[in-house]
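Chemist: Let me see the structure of the following:
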Amino acid sequence: MHEVPKIMKALVVLSGNRVEITEHPVPEVREGDILVKTVAVAQNPTDWKFVDTGRANIGSVSGCDWSGYVVKTGTNVTSPRVGQHVAGFVMGSTFADSGAYAEYVRTPAELSWVVPDGTLSHEEAATMGCAFWTAAQALFHPTRLGLVEPPAKASGEEWVYIHGGSSSVGQFGVQLAALAGYKVITTASQRNFDLVASLGASAVFDYNDPNVVKKVKAAAGDSIQFAFDAVSSADAQAISAAIIAPTGGKLIHVLPVNTAVTSRTDVERSYTLIYTSLGREFTYATGQHWPAVPVDKEHMAQFLKKVPRLVKEGKIKPLPVKLWEGGLAAIPEGFQYMKEGKVSAVKIVYRV
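Modeler: A predicted model of the protein is given here:
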């Protein structure tokens, strides 16, 4: 039996846009929750951006992506069970009782998934958080692209464009869209062409090529009606909008829509914010408030039920891991490394 302490070590947001390892209360488990002893946690751009931009709430726990084993369950929880290896995603730098960069993390049981025995390590499972969930929400949620969701399959003749196929979100986007039976066309830097092709992309082009729009359109017979922009810089948004067929279509970004990059009115553009899948209202330190979106939570909970089988059958691969030594205390170094643009096609992961 695992003895759960009252106090844990956690990476907590302090004043002055800083984070630091401090002693922090272990979260209380509610009736529908599980408490997880973290073994590995992964890093996302959002983790350092929240702190640097002043959106992070002082006293909150940083970090989103985690893998570990269940040490306590709420009274209404039948699955997962104590002792099982689970992984998931929480909203970092927002709540004092939730955040991945800690020795323990609490989450609603339905927003975790059981990692099948003999499949992924904790480091690998931790990569399947923010980026994986974002790709699933963008591609399959009825109010986003609304594509056919695995294990169902599309006809196999329809193209989907994914901008930034070697990014963390892009790698999962390519895999999921291909798994759903779509022909995937994507962009990446040339050094990552083989990687995205191995994930299921039918065609890959260099997003730095000045003729990239023309080449993508030609390869897909100018038929692309669905696009997912996993980068969402101004250039990425412009390219993604231009690639949509002359008859129009839908385009989902991972950052707010930049209205200045295209004059097209036949492309329905919106952005997906994965935090809404957690079913909890939240407010940034800057004052911006987001209400709870129950339908987003319901969609993600039902999608996560499918994940163990997809992993067991080898249909979803985790991201390549870059293990960063030093545990939770080394995370600020990893933040700086990522800020300097040194991360490409890998996921920084820490052992707790």
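
Chemist: The residue nearest to residue 190 when sequence neighbours are not counted: neighbour count?
Modeler: Spatial nearest neighbour of residue 190, excluding adjacent residues (Cβ to Cβ, 6 or more residues apart in numbering): residue 206 at 5.4 Å. Placement of C-beta: from N, CA and C, glycine included. Neighbour count for residue 206, taken as other Cβ atoms under 10 Å: 16.

Chemist: so who does residue 206 touch?
Modeler: Shown in contact with residue 206 (Cβ atoms under 8 Å, 6 or more residues apart in numbering): 187-190, 212.

Chemist: Tell me the most packed of these, by neighbour count.
Modeler: Neighbour counts for the contacts of residue 206 peak at residue 187, which has 33 neighbours (criterion: other Cβ under 10 Å).

Chemist: That one belongs to a strand, doesn't it?
Modeler: Yes. Counting by DSSP: H, G, I helix; E, B strand; the rest coil, residue 187 is part of a strand.

Chemist: what's across from it in the sheet?
Modeler: Using DSSP bridges, the bridge partners assigned to residue 187 are residue 205.

Chemist: How about the secondary structure of the nearest residue to residue 57 once chain neighbours are set aside?
Modeler: Excluding its sequence neighbours, the residue lying closest to residue 57 (Cβ to Cβ, 6+ apart) is residue 285, at 5.0 Å. Recorded secondary structure, residue 285: coil (three-state DSSP).

Chemist: In contact with residue 285, which residues?
Modeler: Counting by Cβ under 8 Å, 6+ apart, residue 285 touches 54-58.

Chemist: can we see that at 6 Å?
Modeler: 54-57 (Cβ atoms under 6 Å, 6 or more residues apart in numbering).

Chemist: and what of residue 271?
Modeler: 253, 256-257.

Chemist: same question, residue 137
Modeler: Shown in contact with residue 137 (Cβ under 6 Å, 6+ apart): 272, 274, 277.

Chemist: if we go to 10 Å?
Modeler: Listed by Cβ atoms under 10 Å, 6 or more residues apart in numbering, the contact partners of residue 137 are 143-145, 252, 254, 272-274, 276-277, 296, 299-300, 303.

Chemist: Quick one: mark the members of these that sit in helices.
Modeler: Members of the contacts of residue 137 lying in helices (criterion: DSSP state H): 296, 299-300, 303.

Chemist: what's the closest of these to residue 225?
Modeler: Minimum distance to residue 225 across these is 21.4 Å, recorded for residue 299 (Cβ to Cβ).
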